[in-house]
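A.B. asks: What follows is a predicted protein model with its sequence.
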Amino acid sequence: MVDAEPAVVPAVESTADAIATMEIRGAATIADAAAAALATQAEESRVETPAAFRRGLRAAARTLYETRPTAVSLPNALRYVLRGADGDTVGELRASTIDRAESFRRDLEHARETLGGIGANRLRDGDVVLTHCHSTDALACVEAALEDGTALEAIVKETRPRKQGHITAAQLREWGVPVTLIVDGAARRYLDAADHVLVGADSIAADGSVINKIGTSGLAVTARERGVPVMVAAQTIKLHPDTLTGHTVAIETRDEREVLSDEERASLRSSDAPDGSAGEPGSEGGLTVENPAFDVTPPRYVDAIVTERGQFPPESIVTLMRELFGDTTDEPWAE
Ligand SMILES: O=C(COP(=O)(O)O)[C@H](O)[C@H](O)COP(=O)(O)O
């Protein structure tokens, strides 16, 4: 008997929605949620044949894969879990998939802690870190330093348009770190007061380029000009294996309403219209809004990439990438 096209279970659809709408966000958190969703797919799938089970798992992975394009931790997580789905019966496949997802999630947690300890070694008592966006890997370094008794202060960029800097500020304050919150445009002025720029990454390319929240590259260039070292905290699931063979990393473009709300746009229309009337949608002459969510920082502006395997100058990250991922980057979720 051939099963009908296997359904993606509702929990996978809702995780995918939550990632796409950024209720679940940040590269490591996205990877963790995707692995958990695949485990749920395995648990709740009611198909009766191994082939249908595998098709369902691939469909679930595709649904998750299509949510956001830039954080490579997502495909890396999906690939890792799918490769571990093993067995000749639905029961065996179910158990191995769940095991694999759980071990991925445990490793992720463990890697963050290890990375934090390594990153903490770069931070000295009384140092001021300047942050951009919200990164659990970057914060792990601060947390580990605080646990060692290192006193730190932070200058936190709010990070337009979605202001994830506020999440960073809240976390740091909860840990008792004094925080100065600044608008993005104030970064250069405050770099003189900073000892480190500390950011995370969504992807690291084979040449050591760092892909992270839009604004990271400008910050890194300015930090170099001011002589402030740039430290990137990124677990190895942020290494982008496709870049070993020359692929570039897709930069997500988000809804322009994150930059200019419908209300703001409507007010532009009415003020543009000669008779003061509301004007037609799309009639805001000469205005284009663009909203790229990430940018690429060239390796020459990065001082260290801190991973759970140690800290590396960006140019040498390719060796680690080869060791961990090899040259093969299949897409096991493809039909
Ligand atoms: O750019 C962002 C988040 O962007 P968004 O809010 O658009 O997802 C973070 O710096 C990285 O994802 C690393 O985060 P982590 O260290 O937690 O993986």
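C.D. replies: Here it is on my side, so go on.
A.B. asks: The stretch 51-200 of the chain: helices as residue ranges?
C.D. replies: 73-83, 90-120, 136-147, 165-174, 187-191 (DSSP state H, counting those that start in this stretch).
A.B. asks: so how far is the ligand from the closest residue to Gly310 other than its chain neighbours?
C.D. replies: Nearest non-adjacent residue to Gly310, counting by Cβ to Cβ, 6 or more residues apart in numbering: Ile118, 6.4 Å away. Using the backbone N, CA and C atoms, a C-beta is placed for each residue, glycine as well. Between Ile118 and the ligand the distance is 14 Å, computed by Cβ to the nearest ligand atom, to the nearest Å.
A.B. asks: who's in contact with Ile118?
C.D. replies: Under the criterion of Cβ atoms under 8 Å, 6 or more residues apart in numbering, the contact partners of Ile118 comprise Cys141, Val306, Thr307, Glu308, Gly310, Gln311.
A.B. asks: thinking again about what came up before, now tabulate the helices of the stretch 51-200 of the chain in a markdown table and tack on mean pLDDT.
C.D. replies: Putting the helices of the stretch 51-200 of the chain into a markdown table (pLDDT from 0 to 100) gives the following:
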| stretch | mean pLDDT |
| --- | --- |
| helix 73-83 | 97 |
| helix 90-120 | 98 |
| helix 136-147 | 98 |
| helix 165-174 | 98 |
| helix 187-191 | 98 |
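A.B. asks: and after the worst-scoring helix or strand of the chain on mean pLDDT, which helix or strand comes next?
C.D. replies: Taking mean pLDDT, DSSP states H and E as the measure, the chain has helix 262-272 as its least confident helix or strand, at a mean of 78. Sequence order places strand 294-297 as the next helix or strand after helix 262-272, per DSSP states H and E.
A.B. asks: can you tell if that next one touches the ligand?
C.D. replies: No - interface with the ligand: strand 294-297 contributes nothing (Cβ under 6 Å from any ligand atom), its closest point being 6.6 Å away.
A.B. asks: Contacts for that strand next, please.
C.D. replies: Contacts to strand 294-297, defined as Cβ under 8 Å, 6+ apart, come from residues 70, 202, 205, 209-218, 220, 230, 249, 251-252.
A.B. asks: Given it, what are its sheet partners and their directions?
C.D. replies: Sheet neighbours of strand 294-297, with direction, are listed as strand 210-213 (antiparallel) (DSSP bridges).
A.B. asks: right, is the partner strand up against the ligand?
C.D. replies: Yes - taking Cβ under 6 Å from any ligand atom as the criterion, strand 210-213 and the ligand are in contact, through Asn212, Lys213.
A.B. asks: Flag every buried residue along that strand.
C.D. replies: Of all the residues in strand 210-213, those buried under the rule 16 or more other Cβ atoms under 10 Å are Val210, Ile211, Asn212, Lys213.
A.B. asks: Which residues of the stretch 51-200 of the chain lie near the ligand?
C.D. replies: Taking Cβ under 6 Å from any ligand atom as the criterion, the neighbours of the ligand within the stretch 51-200 of the chain are Ala71, Cys133, Ser135, Thr136, Asp137, Ala138, Gln164, Gly200.
A.B. asks: out of those, which one sits closest to Asp148?
C.D. replies: Sorting these by distance to Asp148 puts Ala138 at the head of the list, at 16.5 Å, by Cβ to Cβ.
A.B. asks: and stretch 295-312, what's its mean pLDDT?
C.D. replies: Stretch 295-312 comes out with an average pLDDT of 98.
A.B. asks: Between the two ends of it, what distance do you get?
C.D. replies: The first and last residues of stretch 295-312 sit 21 Å apart, counting by Cα to Cα, to the nearest Å.
A.B. asks: And for stretch 243-263?
C.D. replies: The straight-line separation of the ends of stretch 243-263 (Cα to Cα) is 41 Å.
A.B. asks: Same question for stretch 180-190.
C.D. replies: 10 Å.
A.B. asks: buried set for that stretch?
C.D. replies: Along stretch 180-190, the positions that meet the burial threshold by neighbour count (16+ other Cβ under 10 Å) are Leu181, Ile182, Asp184, Ala187, Tyr190.
A.B. asks: Then stretch 69-82?
C.D. replies: Buried residues in stretch 69-82, defined by neighbour count with 16+ other Cβ under 10 Å: 69-82.
A.B. asks: from the residues you listed, which is closest to Leu146?
C.D. replies: Out of the buried residues of stretch 69-82, the one with the shortest distance to Leu146 is Ser73. That distance is 25.0 Å, counting by Cβ to Cβ.
A.B. asks: Find the nearest non-adjacent residue to that closest one, please.
C.D. replies: Excluding the flanking residues, the one nearest Ser73 by Cβ to Cβ, 6+ apart is Ala31, at 3.8 Å.
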